[in-house]
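Asks: the sequence and its predicted three-dimensional model are supplied below.
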Amino acid sequence: DSKGLNFQSADKAFTVNIGGRIHADYGFVDDDYFGANNTGIGNEFGNGSQFRRARLGMNGTMFTDWIYELEINYGGADGDTGFTDAIIGYKGFDSTTIKLGRHKMPAGLEELTSSNRISTMERSMATNTFALSRFNGLSVERKGSNWTVMGGTWMGEGNGDTDNNNKDSDWGAAGRFTFAPIQERNSVVHLGASISYIDFEKVGGDNQNIRVRQRANRFVNERPVQVTYNDTKSANTYGLELATIQGPFSLQGEYFYRTLDRKDFKDADIDGWYILGTYTLTGETRGYRDGRMRTISPRNPVGQGGAGAWELVARYDELDLWDSSAAREAGSVSGLRGTKAENWTLGLNWYVNDNIRFMANYVDSKIKDSSPNDNTGKIKAFTLRGQVAF
Amino acid sequence: DSKGLNFQSADKAFTVNIGGRIHADYGFVDDDYFGANNTGIGNEFGNGSQFRRARLGMNGTMFTDWIYELEINYGGADGDTGFTDAIIGYKGFDSTTIKLGRHKMPAGLEELTSSNRISTMERSMATNTFALSRFNGLSVERKGSNWTVMGGTWMGEGNGDTDNNNKDSDWGAAGRFTFAPIQERNSVVHLGASISYIDFEKVGGDNQNIRVRQRANRFVNERPVQVTYNDTKSANTYGLELATIQGPFSLQGEYFYRTLDRKDFKDADIDGWYILGTYTLTGETRGYRDGRMRTISPRNPVGQGGAGAWELVARYDELDLWDSSAAREAGSVSGLRGTKAENWTLGLNWYVNDNIRFMANYVDSKIKDSSPNDNTGKIKAFTLRGQVAF
Amino acid sequence: DSKGLNFQSADKAFTVNIGGRIHADYGFVDDDYFGANNTGIGNEFGNGSQFRRARLGMNGTMFTDWIYELEINYGGADGDTGFTDAIIGYKGFDSTTIKLGRHKMPAGLEELTSSNRISTMERSMATNTFALSRFNGLSVERKGSNWTVMGGTWMGEGNGDTDNNNKDSDWGAAGRFTFAPIQERNSVVHLGASISYIDFEKVGGDNQNIRVRQRANRFVNERPVQVTYNDTKSANTYGLELATIQGPFSLQGEYFYRTLDRKDFKDADIDGWYILGTYTLTGETRGYRDGRMRTISPRNPVGQGGAGAWELVARYDELDLWDSSAAREAGSVSGLRGTKAENWTLGLNWYVNDNIRFMANYVDSKIKDSSPNDNTGKIKAFTLRGQVAF
């Protein structure tokens, strides 16, 4: 069926699923920021194509209670081949899943929703900056009928020469709690909160200069928003989530706040948020389970008498990496990069069937600088995606 | 069976094939060009081993009309891991296949014949220079009983910093038409023609210096033939194909012609061609379908009372990258590299069964230079391959 | 079952196995060598996490007598993606296996035992230095009821620019013989001997400076033990193996001796050895077959009324790369690196079931230098592994 290739032993103690995904992207970029503001970074833009994700993997169950997952990934602007999830897990305790290895740590509704299922081609700048994504560590998740709680801890990469690049964590810990006071087939209300602690890698016992930055989109390799805070020891991050699904409508928003703890300087406070609305023209309802959004399953797939499902999406998000009192101290650097971004994303999604989706996004990013000459500029992009998951 | 691992759902709406290929190469090189002609490039040769291709992938059908393919590749002189084909496709229209993603664009009989099935270990220098191979784009192919027509268009890679390396296309488009006036089991006549347009990446709105070059073989990393034409905007390429299969004999040839369109300089015209003959000592006939060559299936596989199939191959090919009137203008560079190549390839293939083939090739490449001191030299190589496809 | 995903055709002529492994490592390092001895290499240590191995692959049989194997690997300190085994093989002759492609050449009991089955997280420094591991070549192995003999030959990597890095072999050959005078279910005595010849890559016809070096553990990227011998043409290596399994006890040891053949200088003689003891607290016996150790299969897996199998391990190993009379000649370099290492490894293994194992290792490495100021120092590491094989 549409769920990929599945096998199980006669006693169901062993299962194997083999599958993958392809996200093929095409983009057209209009830059009124990098070139116009003399950032010294020109020609970094190309209209062009990109494999955002190309993955093959296996997962399944062993001896009933144990799980495994390994997925190879090719993609991104760098064109690197690596892997996404690689875990050993245990689900022998009631409603509880324990995972060891590389997997997503608890933080953020948009982050924890699969890239096959998010409503826009890219997650918001706030999510990409503050939600944790994948680390190599241990997590425990427990689920009730309408709540989830997940805690996790990890260690940073432990080989010598790639360690100290201004962003690596030595270790960290995080937790997330979600609650759905309403959770019916066509009506959901979701509340969530997360907290995380990151201890940054030291060099020779000294705190490092920590760079916080984010891309405007995946067709512009340079990050237009980038601030460096020197002498930074650790970060505390707080997130709040609110979402509702009402028939073909959905609305979701998240707010993130981070304090960078510095030794001899003032702590820096930075934040970001987004609000996202979706409307399914063909009437389907977005899925929701276990504190995560799921996808839309078209009632009338193409080739079975229908035209698939069609969905309209709009998102506004802001990211502010500039704490003026902390950043203006000696040693903090914003360079010629921007410090704040305000982004509009408009999207149209076509769900051909349960495996195939095409997406079109228009993204308008307004980048602001806090340097004396007060640069502002826009990066606009029109992007298309062909997506298959199997 | 020998066709890899295949699955289908009860209603045949979903199919999955999992498979791969290994091409393990061993080579012995004799250089009378790089060292003897003071190119400044020495010791670039190694007798040695190389995985030319090592691939694992999945492909199949979803909801009857939709297809997908994703294949991971390791190999080549660089030892990079990436992927070859990554596509979403649709075959719901009569005799028509639409593909989106990374796949071979329409150009060249030798190029469009699978690397598992070509008669020599490497394609001709002309094919490798002028046929398009894989790009990320959209193609449509329609097939009749004895003809095919395929059109495609693509966008170059769209991330900033790897864009502008003297060869990348901003976008392109191509078409190919084939016709087989005779298409019987033991007798085929094939005619083909292709045309393509490449628009090269610009930097800051300026045309770039475009480098045209080719390897002599895969055990010499440096390209002995290389010419750079500055201020080049685009390229138009034309190809002609002619082939026939008569019982155990086959003969095929292609001619390619390219015009490099330059803004303030004379256009450059370069070309290449090859002619290839094969003879199956054990009597089998080469396969042919849909405008592409197929492989030889041994009548008596090893282990089933036979010695497999044995095939003799000879190919002569030329590549001329030097347009003297255009190249001698200011700014065009041939360096100490050659500008023309004349190559003889002699081969013996052993088809053990439908999965396994061993190949031996002797390649004699004569490299000529158009610089005043008129360098010439030879690169000779004896190469062996163990091939398995599953 | 626990043996991964297996398929076979009705006549058993074709089989396919799809599987993989994950080794997720976490380490804590205490350096009293690099920093304390002014080696100029500081901060190369990180407590941290690392995927030691993450592999997915396919192998199987074709036309009854032919075998294939292809496995993609991600992992190691470098985080590279490549492949491990990639072979075509033939097993149509009695008790004989012929392999062509990239696979382990004959040398060393510890080396030839799968990384899923070795008793410590890492093999000994002696094995990692002197045993051959994987090369691209041809091998033939023949097995009797209680003996094995295997011979192999290979060619080094044959593309130009990565060839000449002070360690590559141009070609080589090796052989190994094993004999088990006692081979019962709970009692094994194993004897083995191996020999190999490596011909190092030359540059411009000249012998190169050959670097011999080894890591202390996988969380310290720099090799603390490293000696370079100039003008080295080839190496002859000899290995001896002795092992016994008696119920829950096992004891195994190996000794390696290498002579580096130099043209205008004295030959250099270097060596290393280890002794390893294991004791299974829960009573299981280590497996043994065909001259290789196998794993422990827990009698009472977790979740089936048991607590798995628990094993204690201790190993002592030495590596001495310093031949004082040869090394002190002009041109040989030990830099500020150590030349000898003495290592203690203590381990505790928990075999949860036939697929999952957790490991804890404490490694104490004493590094000695032969330079005038006679540096010594210790690198200690506590490391943990989660392992799943499927």
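Replies: The structure has been received and is ready for your questions. Residues are numbered from 1 along each chain as shown, chains lettered A, B, ... in the order given.
Asks: which parts of the stretch 151-300 of chain A sit against chain B?
Replies: By Cβ under 8 Å from any Cβ of the partner chain, the part of the stretch 151-300 of chain A that sits against chain B consists of A:Arg218, A:Phe219, A:Val220, A:Asn221, A:Glu222. Every residue, glycine included, has its C-beta placed from N, CA and C.
Asks: closest to B:Asn73 out of the residues you listed?
Replies: A:Arg218 (22.6 Å; Cβ to Cβ).
Asks: the closest one: how many residues sit nearby?
Replies: Residues near A:Arg218, counting by other Cβ atoms under 10 Å in any protein chain shown, number 19.
Asks: could you do A:Ala307 as well?
Replies: Neighbourhood size, A:Ala307 [other Cβ under 10 Å]: 12.
Asks: before we move on, the earlier item: restrict the residues of the stretch 151-300 of chain A next to chain B to contacts with chain C.
Replies: Okay, of those, nothing touches chain C (Cβ under 8 Å from any Cβ).
Asks: so where's chain A uncertain?
Replies: By pLDDT under 70, the weakly predicted segments of chain A are A:1-4, A:36-46, A:76-79, A:158-167, A:329-336, A:372-373.
Asks: in chain A, which residue sits nearest chain B?
Replies: Of all residues in chain A, the one sitting closest to chain B is A:Gly48 (2.0 Å; Cβ to the nearest Cβ).
Asks: which parts of stretch A:322-331 are buried?
Replies: A:Trp322, A:Asp323, A:Ala326, A:Ala327, A:Glu329 (16 or more other Cβ atoms under 10 Å in any protein chain shown).
Asks: and the spatially most central residue of chain A, what is it in contact with?
Replies: Note on chain A: the residue nearest the mean C-alpha position is A:Glu111, at 3.7 Å, using Cα atoms, centre = their mean. By Cβ atoms under 8 Å, 6 or more residues apart in numbering or on different chains, the residues touching A:Glu111 are A:Lys104, A:Arg123, A:Thr127, A:Ala131, A:Leu132, A:Ser133.
Asks: just say helix, strand or coil for it.
Replies: When classified by DSSP: H, G, I helix; E, B strand; the rest coil, A:Glu111 comes out as helix.
Asks: again, but for A:Phe34
Replies: The three-state assignment at A:Phe34 reads coil, by three-state DSSP.
Asks: grab the longest strand from chain A for me.
Replies: Longest strand in chain A, counting residues (DSSP state E): strand A:225-246.
Asks: following element in sequence after that strand, please.
Replies: strand A:249-262 (DSSP states H and E).
Asks: can you list the strands that that next one pairs with?
Replies: Looking at strand A:249-262 with DSSP bridges, its partner strands are strand A:225-246 (antiparallel), strand A:268-280 (antiparallel).
Asks: next one: that strand to chain centre, how far?
Replies: Put simply, strand A:249-262 sits 12 Å off its chain's centre (Cα atoms, centre = their mean, to the nearest Å).
Asks: can you check stretch A:144-157 too?
Replies: Distance of stretch A:144-157 from its chain centroid, counting by Cα atoms, centre = their mean, is 16 Å.
Asks: does any bit of that stretch sit next to chain C?
Replies: Yes: judged by Cβ under 8 Å from any Cβ, stretch A:144-157 comes into contact with chain C through A:Trp154, A:Met155, A:Gly156, A:Glu157.
Asks: which of those residues fall in strands?
Replies: Per DSSP E, those map to strands at A:Trp154, A:Met155.
Asks: okay if I get the residues of stretch A:144-157 next to chain C as TSV plus neighbour count?
Replies: Output for those, formatted as TSV (neighbours: other Cβ atoms under 10 Å in any protein chain shown):
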residue	neighbour count
A:Trp154	23
A:Met155	24
A:Gly156	22
A:Glu157	21
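Asks: which residues does A:Asn236 contact?
Replies: A:Ile195, A:Ser196, A:Tyr197, A:Arg258, A:Thr259, A:Asp261 are the contacts of A:Asn236 under Cβ under 8 Å, 6+ apart.
Asks: who does it bridge with?
Replies: Beta-bridge partners of A:Asn236, as defined by DSSP bridges: A:Tyr197, A:Thr259.
Asks: if I look at it, how far off is A:Gly204?
Replies: Here A:Asn236 is placed at a distance of 25 Å from A:Gly204 (Cβ to Cβ, to the nearest Å).
Asks: hmm, who's touching stretch A:315-327?
Replies: In contact with stretch A:315-327 (Cβ under 8 Å, 6+ apart) are residues A:119-120, A:124-126, A:129, A:212-214, A:225-227, A:229, A:260, A:262, A:265-277, A:332, A:334, A:339-345, A:347, A:370.
Asks: drop anything exposed from those residues.
Replies: Buried among the contacts of stretch A:315-327 by 16+ other Cβ under 10 Å: A:119-120, A:124-126, A:129, A:212-214, A:225-227, A:229, A:260, A:262, A:265, A:267-268, A:270-276, A:332, A:334, A:339-343, A:345, A:347, A:370.
Asks: ok so, going back, now the contacts of A:Asn236: which count as buried?
Replies: A:Ile195, A:Ser196, A:Tyr197, A:Arg258, A:Thr259, A:Asp261.
Asks: the fifth one and A:Asp267 touch, don't they?
Replies: Yes: applying Cβ atoms under 8 Å, one finds A:Thr259 in contact with A:Asp267, separated by 5.4 Å.
Asks: contacting residues around A:Asp269?
Replies: A:Asp269 sits next to A:Tyr257, A:Arg258, A:Thr259, A:Leu260, A:Asp323, A:Ala326 when contact means Cβ under 8 Å, 6+ apart.
Asks: tell me the one among those residues nearest to chain C.
Replies: So of the contacts of A:Asp269, ranked by how close each gets to chain C (Cβ to the nearest Cβ), first place is A:Leu260, at 21.0 Å.
Asks: need the nearest residue in space to the closest one, chain neighbours excluded.
Replies: Closest residue to A:Leu260 apart from its sequence neighbours, by Cβ to Cβ, 6 or more residues apart in numbering or on different chains: A:Ala268 at 4.3 Å.
Asks: isn't that neighbour right next to A:Thr259, touching?
Replies: Yes: between A:Ala268 and A:Thr259 there is a contact at 7.2 Å, judged by Cβ under 8 Å.
Asks: please enumerate the helices of chain A.
Replies: Ranges of helices in chain A, per DSSP state H, are A:109-112, A:125-130, A:324-327.
Asks: figure out which of those helices is closest to C:Pro298.
Replies: Nearest of the helices of chain A (Cβ to Cβ): helix A:109-112, 34.9 Å.
Asks: so how far is the closest one from its chain's centroid?
Replies: Taking mean C-alpha positions (Cα atoms, centre = their mean), helix A:109-112 and its chain are 6 Å apart.
Asks: cool, stretch A:223-243 as well?
Replies: That offset, for stretch A:223-243, works out to 14 Å (Cα atoms, centre = their mean).
Asks: mind listing what's buried along that stretch?
Replies: A:223-235, A:237-239, A:241, A:243.
Asks: so the residue nearest to A:Asn217 when sequence neighbours are not counted bridges to which residues?
Replies: Spatially, and ignoring its direct neighbours in sequence, A:Asn217 is nearest to A:Ala381 (4.7 Å; Cβ to Cβ, 6+ apart). Here A:Ala381 sits in beta bridges with A:Val29, A:Val363, as judged by DSSP bridges.
Asks: could you pull up the residues touching A:Ala381?
Replies: Applying Cβ under 8 Å, 6+ apart, the residues near A:Ala381 are A:Gly27, A:Phe28, A:Val29, A:Asp30, A:Ala216, A:Asn217, A:Phe219, A:Val220, A:Asn361, A:Tyr362, A:Val363, A:Ser365.
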